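S.K.: okay, predicted coordinates and the sequence, questions at the end:
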Amino acid sequence: MSARRVATAGGAGPRPPKARPPVVRRATPDDITEILSIETRNNPVPWSRQLFAKELDRREGAMLVAVDADAVVGFIACAGQGDSWHILNVTVDAGHRRRGIGGMLVDGVIAALDGRPYDRYTLEVRVSNDAAIRLYRARGFVDCGVRPRYYSDNQEDALIMWREPQEDAG
Ligand SMILES: CC(C)(COP(=O)(O)OP(=O)(O)OC[C@H]1O[C@@H](n2cnc3c(N)ncnc32)[C@H](O)[C@@H]1OP(=O)(O)O)[C@@H](O)C(=O)NCCC(=O)NCCS
């Protein structure tokens with residue numbers, strides 16, 4: 001192809017539409033099929049449809065989805081348990097990782113719950129899950145112990161992490 005043709009193709013005509021960045025929003029019942037398919041592809045012990053429906057209905061909690069080009073590419077579920085928020089599940093579809101979406105979901109759920117009525121967050125994560133552990137540490141979660149043989153598929157230990165109210169929060 002000549003240089004002239006390249007220049008023409010790149011410079012003339014309408015610009016291609018700019019790709020919209022992913023957005024995070026509250027999940028709805030219509031999202032459950034896509035959430036379930038991400039869950040089944042990405043998690044060794046997947047949640048059932050019933051479990052997702054129950055979390056979606058939970059009064060004290062939040063389920064959010066990340067949407068990219070009109071498709072659900074990740075989700076997070078967080079529930080009030082005892083005196084704190086418990087992050088139960090956060091998953092980004094394999095082809096969409098390392099684009100900041102997992103971080104957007106965790107930040108999004110903390111913003112959505114807005115410290116009410118609880119201002120502390122906790123979660124369990126496989127001790128081998130470096131990606132998730134780094135993501136949580138970068139958001140103020142700290143290691144607070146281990147639950148031995150917590151995961152039923154391979155008896156792996158869970159690292160328990162807590163995030164206390166942040167000093168710089170408004
Ligand atoms: C953990 C998970 C949600 C991260 O989602 P993601 O969209 O890739 O995360 P982000 O792009 O927002 O990454 C945020 C930070 O997490 C860390 N991180 C994420 N993936 C990582 C990897 N593969 N290796 C090392 N660090 C990683 C990095 O610190 C990263 O920040 P950086 O990109 O500026 O270096 C995703 O890997 C996933 O769905 N895994 C399978 C399900 C799972 O394990 N969920 C957690 C259960 S507790």
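M.R.: The structure has been received and is ready for your questions.

S.K.: those residues of this structure touching the ligand, which are they?
M.R.: 42-43, 90-92, 97-103, 123, 125, 129-132, 134-135, 138 (C-beta under 6 Å from any ligand atom). C-beta here means a position set from N, CA and C on the backbone, and glycine is covered the same way.

S.K.: narrow the residues you listed to just the buried residues.
M.R.: 90-92, 99, 101-102, 123, 125, 132, 135 (16 or more other C-beta atoms under 10 Å).

S.K.: pull out the buried positions in the helix or strand hosting G74.
M.R.: Using DSSP states H and E, G74 falls within strand 71-81. Within strand 71-81, the residues scored as buried using 16+ other C-beta under 10 Å are 72-80.

S.K.: ditto for stretch 84-95
M.R.: Buried residues in stretch 84-95 (16+ other C-beta under 10 Å): 84-93.

S.K.: for the closest residue to the ligand within the chain, give me its contacts.
M.R.: The chain approaches the ligand most closely through G102 (2.4 Å), counting by C-beta to the nearest ligand atom. When contacts are counted by C-beta atoms under 8 Å, 6 or more residues apart in numbering, G102 is found next to 74, 90, 92, 131-132, 135.

S.K.: how about 7 Å then?
M.R.: Applying C-beta atoms under 7 Å, 6 or more residues apart in numbering, we find G102 in contact with 74, 90, 92, 135.

S.K.: confidence-wise, which helix or strand of this structure is lowest on average?
M.R.: Across the helices and strands of the chain, mean confidence by mean pLDDT, DSSP states H and E is lowest for helix 3-11: a mean of 44.

S.K.: moving C-terminal from that helix, which element do we reach first?
M.R.: Using DSSP H and E, the first helix or strand after helix 3-11 is strand 23-26.
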